[in-house]
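> here is the input, now give the coordinates:
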Amino acid sequence: MPVYIYRGRNIQTNESVAGERFSSSSQALAAVLRREQIAPTNIREKRQSKLSFSFKKKIKQSEIAIFTRQFSVMLNAGMPLVQGLDAIAQQHPNESFKTVLNQVRSDVESGSTLSAALGKHPKVFDNLFTNMVAAGETGGILDTILQRLSTFIEKIVKLKSALRSAMIYPSVILTVAIGVVIVILWKVVPVFRTLFEGFNVQLPLLTRVVIAVSEIVERFALIFLVAIVAGAIAFVKFYKTEKGRHIVDRSLLKCPVLGDILRKIGVARFTRTLATLLTSGVPILEGLDITARTAGNAVLEDTIHTLRQRIEEGGNMAEPMRQSGFFPPMVTQMVSVGESTGEMDSMLVKVADFYEEEVDVVVANLLTILEPILMVFLGVVVGGIVVAMYLPLFKLIQVLSGG
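Numbering: from 1, shown residues only. Coordinates of the predicted model:
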């Protein structure tokens with residue numbers, strides 16, 4: 001949306017007014033200014049320099065959660081939409097988010113609904129967000145819907161943090177360990193190898209193995225590095241394809257420990273999302289559509305589409321969930337009870353709460369176990385290399401001492 005520079009006079013105080021605003025057109029901006037008791041004298045579109053470079057800061061989900069919480073409090077206190085959006089935008093530290101909020105405010109000022117204005121920024125506000133806002137506008141409970149949305153986003157952020165904690169810590173330790181070993185094999189072991197060549201003695205098996213590995217690393221280190229980078233790029237591109245997503249996600253779910261964590265996170269996210277949508281008045285078929293798009297796992301996405309199809313054909317949700325094999329028996333039983341009693345949303349909330357707690361416990365236990373295992377692994381590898389390098393020296397000392 002273009003930016004317009006305007007000048008005018010305040011009708012009440014006759015003071016000069018100037019500024020910049022987002023608007024769909026100069027006519028729309030003029031109408032907005034007149035509603036604010038400002039008589040525009042000059043409105044022109046701001047020209048962007050073709051040589052300018054901008055580095056946009058990514059908008060985090062935690063920032064969206066804070067915005068949603070603040071906005072709901074403002075609306076609950078009786079503040080108008082435009083004024084609330086302007087107040088949050090003016091004091092927000094993220095310039096990218098501030099720009100988006102200013103554009104949303106400008107669209108609302110021009111007569112657009114809030115959900116339609118948010119829908120113009122799908123990278124920031126997804127289908128779930130805009131659909132729930134639309135439901136809140138229709139039912140006249142926008143502040144309540146925003147409160148539910150903020151709680152939902154906070155829960156999702158917590159789930160992602162749990163998964164990140166489960167993967168980042170061991171990844172960092174393993175990367176450091178591999179880096180240390182490569183440096184030792186590449187730079188340290190060759191010094192000992194040169195020293196051993198003058199001994200003219202039979203080296204121990206462990207030392208010969210370490211030296212052989214060192215020679216491979218020394219000769220092919222650059223090739224290995226290029227191969228790793230190329231493999232990472234190829235993997236990312238493969239994962240972006242439909243087939244790649246299904247293969248990778250299915251393989252991850254089969255991993256012994258990580259698969260269990262990913263499955264529990266998937267169940268928690270599915271139940272939390274669907275419960276939030278149903279509580280907000282979104283129909284179940286539309287809710288399942290939105291939930292599938294935000295599932296984060298190709299296998300779960302296919303399962304949700306199957307659930308939607310069975311419900312559309314007149315069936316229930318519990319039976320196809322049981323047949324999919326993705327959901328644990330407890331989840332299908334709770335859903336079955338929810339369908340029988342007409343309290344599906346509350347049952348889904350209970351399931352989501354349970355599995356979010358399960359994820360926290362599993363991740364905490366995993367990190368507790370992984371820390372000593374990784375430390376022992378690093379110690380054994382580095383210690384083995386050190387011992388391999390000093391064994392010939394001990395043997396040489398024995399020979400020189402006449403032992």
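> could you say what helices and strands the longest helix along the chain packs with?
For the chain, the longest helix by residue count, based on DSSP state H, is helix 344-400. With contacts taken as 3 or more CB pairs under 8 Å, 6 or more residues apart in numbering; DSSP states H and E, helix 344-400 sits against helix 142-183, helix 189-197, helix 205-240, helix 258-279, helix 329-341. To be clear about C-beta, it is placed using only N, CA and C from the backbone, and glycine gets the same treatment.
> again, only using 6 Å
helix 142-183, helix 205-240, helix 258-279, helix 329-341 (3 or more CB pairs under 6 Å, 6 or more residues apart in numbering; DSSP states H and E).
> got the angle for that helix vs helix 258-279?
Angle of helix 344-400 versus helix 258-279, following axes from the mean of the first three to the mean of the last three CA atoms, to 10 degrees, is 160 degrees.
> how's this protein carved up into domains?
3-45, 61-154, 157-403 (automatic domain parsing).
> rounded mean pLDDT for the longest one, please.
This points to domain 157-403. Domain 157-403 shows a mean pLDDT of 85.
> CSV for the domains of the chain, including mean neighbour count?
Formatted as CSV, the domains of the chain follow (neighbours: other CB atoms under 10 Å):
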stretch, mean neighbour count
domain 3-45, 15
domain 61-154, 18
domain 157-403, 16
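> wait, His121 touches Asn102, no?
No. In this structure, His121 is not within contact of Asn102 by CB atoms under 6 Å, at 11.3 Å.
> can you tell me which residues contact Ile173?
In this structure, Ile173 makes contact with Leu374, judged by CB atoms under 6 Å, 6 or more residues apart in numbering.
> any idea how far it lies from Phe394?
In this view, Ile173 and Phe394 are 31 Å apart by CB to CB, to the nearest Å.
> do the same with Leu278
Distance of Leu278 to Phe394, given as CB to CB: 72 Å.
> kindly report the same for Thr138.
Look at Thr138 and Phe394: by CB to CB, they are 82 Å apart.
> equivalent analysis for Leu253, please.
50 Å.
> in which helix or strand would I find Tyr4?
Following DSSP states H and E, one finds Tyr4 within strand 3-10.
> what's next to that strand, contact-wise?
So strand 3-10 is in contact with 16-18, 20-23, 26, 29, 38-46, going by CB under 6 Å, 6+ apart.
> in strands only, show me those residues.
16-18, 20-22, 38-45 (DSSP state E).
> what bridges to Asn10?
Counting by DSSP bridges, Asn10 is bridged to Ile38.
> I'd like to know how far it sits from Ala89.
The gap separating Asn10 from Ala89 is 22 Å, by CB to CB.
> could you do Gly179 as well?
Separation of Gly179 from Ala89 (CB to CB) stands at 44 Å.
> go on, Ile304?
Counting by CB to CB, the gap from Ile304 to Ala89 is 35 Å.
> equivalent analysis for Phe235, please.
For Phe235, the distance to Ala89 - CB to CB - is 39 Å.
> just want the most central residue of this structure.
For the chain, Lys160 is the residue whose C-alpha lies nearest the centre (CA atoms, centre = their mean; 6.1 Å).
> quick check: nearest residue in space to that residue, chain neighbours excluded?
Spatial nearest neighbour of Lys160, chain neighbours left out: Gln61 (7.5 Å); criterion: CB to CB, 6 or more residues apart in numbering.
> wait, the one you found sits on Val157?
Yes. With contacts counted by CB under 6 Å, Gln61 reaches Val157, the gap being 5.1 Å.
> tabulate the ones in strands among the contacts of strand 3-10 (CSV), appending pLDDT and distance to Val3.
Shown next, in CSV, are those (pLDDT from 0 to 100; distance: CB to CB, whole Å):
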residue, pLDDT, distance to Val3
Ser16, 81, 20
Val17, 79, 17
Ala18, 79, 14
Glu20, 74, 6
Arg21, 74, 7
Phe22, 66, 6
Ile38, 83, 17
Ala39, 85, 21
Pro40, 83, 15
Thr41, 84, 18
Asn42, 83, 15
Ile43, 83, 11
Arg44, 81, 10
Glu45, 79, 7
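> need those residues in TSV with distance to Gln323, can you?
Converted to TSV, the ones in strands among the contacts of strand 3-10 look like this (distance: CB to CB, whole Å):
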residue	distance to Gln323
Ser16	71
Val17	65
Ala18	65
Glu20	58
Arg21	55
Phe22	50
Ile38	63
Ala39	67
Pro40	64
Thr41	69
Asn42	67
Ile43	62
Arg44	63
Glu45	58
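> so which two of the residues you listed are the farthest from each other?
The distance between the two most remote of the ones in strands among the contacts of strand 3-10 (CB to CB) is 21.6 Å, for Ser16 and Phe22.
> what are the contacting residues of the helix or strand Arg308 falls within?
Arg308 belongs to helix 298-312 when elements are defined using DSSP H and E. With CB under 6 Å, 6+ apart as the test, helix 298-312 has contacts from 245-246, 249-250, 266, 288, 291-292, 295, 317, 320, 324, 326.
> could these be laid out in CSV, adding distance to Met347 and secondary structure?
Below are these laid out as CSV (distance: CB to CB, whole Å; DSSP: H, G, I helix; E, B strand; the rest coil):
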residue, distance to Met347, secondary structure
Arg245, 30, helix
His246, 29, helix
Asp249, 26, helix
Arg250, 28, helix
Gly266, 18, helix
Leu288, 16, helix
Thr291, 15, helix
Ala292, 20, helix
Ala295, 19, coil
Met317, 11, coil
Pro320, 17, helix
Ser324, 18, helix
Phe326, 18, coil
